[in-house]
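J.: Quick one, what's the 3D model for this:
(one chain, ligands or ions: 1)
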Amino acid sequence: MISPVWHPFTQHGLNEPVPHIVRAEGALLHLADGTTLIDAISSWWVTTHGHCHPRIAAAIAQQASTLDQLIFAGYTHEPAEEVARGLIDLAPRGQGQPDLRHVFYSDSGSTAVEVALKMALGYWHNLALDGRGEARSRILVLEHSYHGDTIGTMSVGERGVYNAAWTPLLFDVDTIPFPEPGKAQACLDALEAACADRPAAFIVEPLILGAGGMLVYPPAILRDMAAICRRHDVLFIADEVMTGWGRTGTLFACEQAGVVPDIMAVAKGITGGAIPLAATLATESIFEAHRSTDRARLFYHSSSYTANAIACAAAAANLAIWREEDVLGRIATLADGIAHRLAELALHPAFANPRQLGTIAAIDLTAPDAGYLSDLAPRLRAFFLERGLLLRPLGNTIYMMPPYCLDVDQLDLMFAALHAAGEKFGVHS
Ligand SMILES: *Cc1c(COP(=O)(O)O)cnc(C)c1O
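T.: Presented below is the predicted three-dimensional model:
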């Protein structure tokens, strides 16, 4: 029987196999036929400590039979309060920059970014009502960015084949060139010039652009971008949806630049990857711009499952793991293991442009016809699947983003498969 399920980012017309997973543990996925796969991309960047982490699973089970769900407009519960306090505690801090003090919950990275954009415009709108500024509405974005697949988040992301059908619905933004090596000054100059036009906010993926191809840029540039925004009174929004929860080697990527954004979006690993939850953190002034005795100024955003208690309990367990266990130590060990294997792989003539940030590693395969829509990526996917690996290359960019529990044997298996892929698909220049 043909399945009625319509999968995301999947061309059903190509009839690629759809593996059926029945169980997961640590870095391993178990298939119905008894074989296993290494989840080398953390099930699309969400699984941090490993699948079915016992502490998180227990917290979910306990909460599910205590308080499952509660309207969050005007009501509250301890898991949401605890996670909000924890997030504020762990959020990036920096000299001379206001702390993040308030937490607004939603359900996914896309909604966390939508909320961030709405907060930014709400801030300027409400200041204008008080005669304390002008209503600003333009958003600055970085070239090659990805912030989600809803209409608003597509608007602030890179335009291409993946959103061509909806171009008429997307709002206009000003795009700042990506700070490629040697072109950082052009990026900063463009930002400076664009800030002079009084936009509402600048949104960035700190230190590494994920879906755009795992493109990295140095902390000093992030620091300069934040400083330019501050100088021009333009809100600085950090999308830490992918970079958060240790992926880049620190809990949040902004820490490496000493940057405290005005608004920060987190999701993916917030529950360790077990269940959907997202949060948008904001400074006191963003919150204060909405706090009033005037109902017209409240923050008009909600979703049915805002701060779902079971999801918050999972996040609370995740925060406890971060507080009580040496997660950063585990990350550093894994990052070391990746680094020397990646350096060795880069010697292979079929590979170029190796890059790594924490436990995220990427390398480009030099292959004929390697564009995003070529059949290289699906062929690579099938090749890795046969070797027991879940990898999902972005065009000719092969990247890995494993859970932190990945062991040395699994790491070796992964890199052996990458070598083999270079042999089979690469151009040996
Ligand atoms: C994945 C991602 C999003 C969207 O998150 P979803 O939970 O898939 O909606 C937003 N921003 C970045 C940087 C992401 O990597």
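J.: drop to CA atoms for contacts and neighbour counts, all remaining ones
T.: Will do.
J.: check contacts around the nearest residue to residue 149 once chain neighbours are set aside.
T.: Spatially, and ignoring its direct neighbours in sequence, residue 149 is nearest to residue 110 (6.6 Å; C-alpha to C-alpha, 6 or more residues apart in numbering). Contacts for residue 110 (C-alpha atoms under 8 Å, 6 or more residues apart in numbering) come out as 147, 148, 149, 150, 153.
J.: top of those by neighbour count?
T.: Neighbour counts for these (other C-alpha atoms under 10 Å) peak at residue 147, which has 30 neighbours.
J.: Now that residue. Its backbone dihedrals?
T.: phi -130, psi 0 (degrees, to the nearest 10).
J.: returning to that earlier point: distance of the residue nearest to residue 149 from the ligand?
T.: 4 Å (C-alpha to the nearest ligand atom, to the nearest Å).
J.: quick one on the thing from earlier: mind checking which of the contacts of residue 110 are in helices?
T.: The helices, defined by DSSP state H, take in residue 153 from the contacts of residue 110.
J.: Now pLDDT and distance to residue 228 too, for the contacts of residue 110, in TSV please.
T.: TSV is the format used below for these (pLDDT from 0 to 100; distance: C-alpha to C-alpha, whole Å):
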residue	pLDDT	distance to residue 228
147	98	22
148	98	25
149	97	28
150	98	29
153	98	23
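J.: restrict the contacts of residue 110 to those near the ligand?
T.: 147, 148 (C-alpha under 6 Å from any ligand atom).
J.: Determine which two of the contacts of residue 110 are furthest apart.
T.: 147 and 150 (8.9 Å; C-alpha to C-alpha).
J.: follow-up on the earlier one: which one of the contacts of residue 110 sits closest to residue 244?
T.: Relative to residue 244, and with distances defined as C-alpha to C-alpha, the nearest of those is residue 147, at 13.8 Å.
J.: part of a helix, is the residue nearest to residue 149?
T.: Yes: Residue 110 sits within a helix when classified using DSSP: H, G, I helix; E, B strand; the rest coil.
J.: Return the per-residue confidence for it.
T.: Residue 110 carries a pLDDT value of 98.
J.: cool, residue 254 as well?
T.: Residue 254 is given a pLDDT of 98.
J.: Find the nearest non-adjacent residue to it, please.
T.: Sequence neighbours aside, residue 206 is the residue nearest to residue 254 in space, at 6.2 Å (criterion: C-alpha to C-alpha, 6+ apart).
J.: Mind checking what secondary structure that neighbour has?
T.: Going by three-state DSSP: residue 206 is coil.
J.: Correct me if wrong: it contacts residue 239.
T.: Yes: between residue 206 and residue 239 a contact is recorded at 7.0 Å, counting by C-alpha atoms under 8 Å.
J.: what are the ranges of the helices in the stretch 151-300 of the chain?
T.: Secondary structure of the stretch 151-300 of the chain (DSSP state H, counting those that start in this stretch): helices at 151-155, 184-195, 219-231, 284-290.
J.: For residue 55, which residues are in contact?
T.: Counting by C-alpha under 8 Å, 6+ apart, residue 55 makes contact with 317, 318.
J.: Only the buried residues of the helix or strand it falls within, if you could.
T.: Per DSSP states H and E, residue 55 falls inside helix 54-64. Within helix 54-64, the residues scored as buried using 16 or more other C-alpha atoms under 10 Å are 56, 57, 59, 60, 63.
J.: and if you look at stretch 130-139?
T.: Taking 16+ other C-alpha under 10 Å as the criterion, stretch 130-139 shows 135, 136, 137, 138, 139 as buried.
J.: Need the contact partners of it.
T.: Against stretch 130-139 from outside (C-alpha under 8 Å, 6+ apart): 121, 124-128, 156, 172-174, 198-203.
J.: neighbours of residue 354, just the number please.
T.: Around residue 354 there are 19 residues (other C-alpha under 10 Å).
J.: which residue packs closest to it, ignoring adjacent ones?
T.: Nearest in space to residue 354, with sequence neighbours left out and distances taken as C-alpha to C-alpha, 6+ apart, is residue 363 at 4.4 Å.
J.: Check for me that the one you found belongs to a strand.
T.: Yes: counting by three-state DSSP, residue 363 is part of a strand.
J.: Can you report how many residues neighbour it?
T.: Neighbours of residue 363 (other C-alpha under 10 Å): 23.
J.: now the one 5 residues further on
T.: Residue 368 sits with 12 neighbouring residues when counted by other C-alpha under 10 Å.
J.: which residues touch it?
T.: 426, 427.
J.: ok, back up a step: closest one of the contacts of stretch 130-139 to residue 312?
T.: Using C-alpha to C-alpha, these come closest to residue 312 at residue 203, 26.1 Å.
J.: Kindly provide the distance from the residue nearest to the closest one when sequence neighbours are not counted to residue 298.
T.: Take residue 203 and drop its neighbours on the chain: the residue closest to it by C-alpha to C-alpha, 6+ apart is residue 237, 4.6 Å away. To residue 298, residue 237 is 20 Å away according to C-alpha to C-alpha, to the nearest Å.
J.: between these two, which one's more packed in?
T.: residue 237 (29 against 15).
J.: so what's that one up against?
T.: Counting by C-alpha under 8 Å, 6+ apart, residue 237 makes contact with 116, 201, 202, 203, 204, 261, 262, 263, 264, 265.
J.: ok, the fifth one touching residue 241?
T.: No: taking contacts as C-alpha under 8 Å, residue 204 lies outside contact range of residue 241: 10.8 Å.
J.: domains of the chain?
T.: Using automatic domain parsing, the domains assigned to the chain come out as 61-324, 329-370.
J.: which parts of the helix or strand that the helix holding residue 55 is followed by are buried?
T.: Sequence order places helix 78-90 as the next helix or strand after helix 54-64, per DSSP H and E. Residues 79, 80, 83, 84, 86, 87, 88 are the ones in helix 78-90 that count as buried (16+ other C-alpha under 10 Å).
J.: Near the ligand, which residues of this structure? Just list them.
T.: Counting by C-alpha under 6 Å from any ligand atom, the chain comes close to the ligand at 108, 109, 110, 146, 147, 148, 205, 210, 239, 241, 242, 268.
J.: Relative to residue 147, how far out is the second one?
T.: Between residue 109 and residue 147 the distance, using C-alpha to C-alpha, works out to 8 Å.
J.: Which of the residues of the chain next to the ligand lies at the shortest distance from residue 191?
T.: For the residues of the chain next to the ligand, the nearest to residue 191 is residue 205 (15.0 Å; C-alpha to C-alpha).
J.: which residues sit in contact with the closest residue to the closest one other than its chain neighbours?
T.: On the basis of C-alpha to C-alpha, 6+ apart, the spatially nearest residue to residue 205 that is not a chain neighbour turns out to be residue 239, at 5.0 Å. Shown in contact with residue 239 (C-alpha under 8 Å, 6+ apart): 113, 147, 203, 204, 205, 206, 264, 265, 266.
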